[in-house]
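> Okay, sequence plus prediction incoming.
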Amino acid sequence: MGDEEKRNRAITARRQHLKSVMLQIAATELEKEESRRETEKQNYLSEHCPPLHIPGSMSEVQELCKQLHAKIDAAEEEKYDMEIKVQKSSKELEDMNQKLFDLRGKFKRPPLRRVRMSADAMLKALLGSKHKVCMDLRANLKQVKKEDTEKERDLRDVGDWRKNIEEKSGMEGRKKMFESES
């Protein structure tokens, strides 16, 4: 076991060493990435946002404002165009996904909620408040009269089941049962 324990410790130590080396490499890569982003940001700002020099006279300030408004308008137009492109592409994606589901034959069923609503309330919601329709479903049901069938008459004539059992108990009751069957 001593040999195996030494081997396990060596493997564990090697794993720890590799982990630490990987973490160090990742940390340096993150630092490089951050510095690269910062330089890109500075380059972009210097390219698109030249340093502002404020003129002394009023007409030069007005001219500067007009230029800034023109740049703002151009940026807004570009933003609007990008938003339209994004909306269009998202709509195309939704259509493609729907076609894909249709081709596969699998449809997503939305979760349905149980709605407790009477027929009158449903008609009022559909037709609006102008139409007053009363839909009493129970009033439209037919009245059905029960007709006495032979089985029901027999059951009524039998009466109490306890009396029947007492009559059939003992030898006399069994004789009656055999006599009635034949």
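The structure has been received and is ready for your questions.
> tell me the domain boundaries of this structure?
The record, using the TED database to delimit domains, assigns the chain the ranges 1-50, 58-106.
> now the helices for this structure?
Counting by DSSP state H, the chain has helices at residues 2-48, 58-104, 119-127, 150-158, 161-168, 170-181.
> among those, which is the most enclosed?
Between the helices of the chain, helix 119-127 has the highest mean count of neighbours, a mean of 13, where neighbours are mean count of other CB atoms under 10 Å. Heads up, the C-betas are built off the backbone N, CA and C, glycines and all.
> model confidence over that one, on average?
Computed over helix 119-127, the mean pLDDT rounds to 75.
> now do stretch 67-78
Rounded mean pLDDT across stretch 67-78 is 94.
> got it, and stretch 8-18?
On average, stretch 8-18 scores 91.
> Please save the CA atoms from it in CSV.
What follows is stretch 8-18, C-alpha atoms only, in CSV (Å, rounded to 0.1, in the frame of the first residue of the first chain):
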residue,chain,number,x,y,z
ASN,A,8,-1.7,8.6,-5.6
ARG,A,9,0.0,11.5,-3.8
ALA,A,10,2.2,12.1,-6.9
ILE,A,11,-0.8,12.1,-9.2
THR,A,12,-2.7,14.5,-6.9
ALA,A,13,0.3,16.8,-6.6
ARG,A,14,0.7,16.8,-10.4
ARG,A,15,-3.0,17.6,-10.8
GLN,A,16,-2.7,20.5,-8.4
HIS,A,17,0.3,21.8,-10.2
LEU,A,18,-1.4,21.6,-13.6
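> Determine which of the domains of the chain approaches residue 123 most closely.
Closest of the domains of the chain to residue 123 is domain 58-106, at 33.1 Å (criterion: CB to CB).
> so where's this structure uncertain?
1, 106-108, 129-182 (pLDDT under 70).
> Output the domains of the chain as CSV; include the columns distance to residue 116.
Listed next are the domains of the chain as CSV, based on distance: least, CB to CB, whole Å:
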stretch, distance to residue 116
domain 1-50, 57
domain 58-106, 31
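> Go through those and name the closest to residue 128.
domain 58-106 (32.6 Å).
> hmm, back to that, I'd like the helices of the chain as JSON lines, with distance to residue 113 appended.
Shown next, in JSON lines, are the helices of the chain (distance: least, CB to CB, whole Å):
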{"stretch": "helix 2-48", "distance to residue 113": "48"}
{"stretch": "helix 58-104", "distance to residue 113": "23"}
{"stretch": "helix 119-127", "distance to residue 113": "15"}
{"stretch": "helix 150-158", "distance to residue 113": "46"}
{"stretch": "helix 161-168", "distance to residue 113": "50"}
{"stretch": "helix 170-181", "distance to residue 113": "61"}
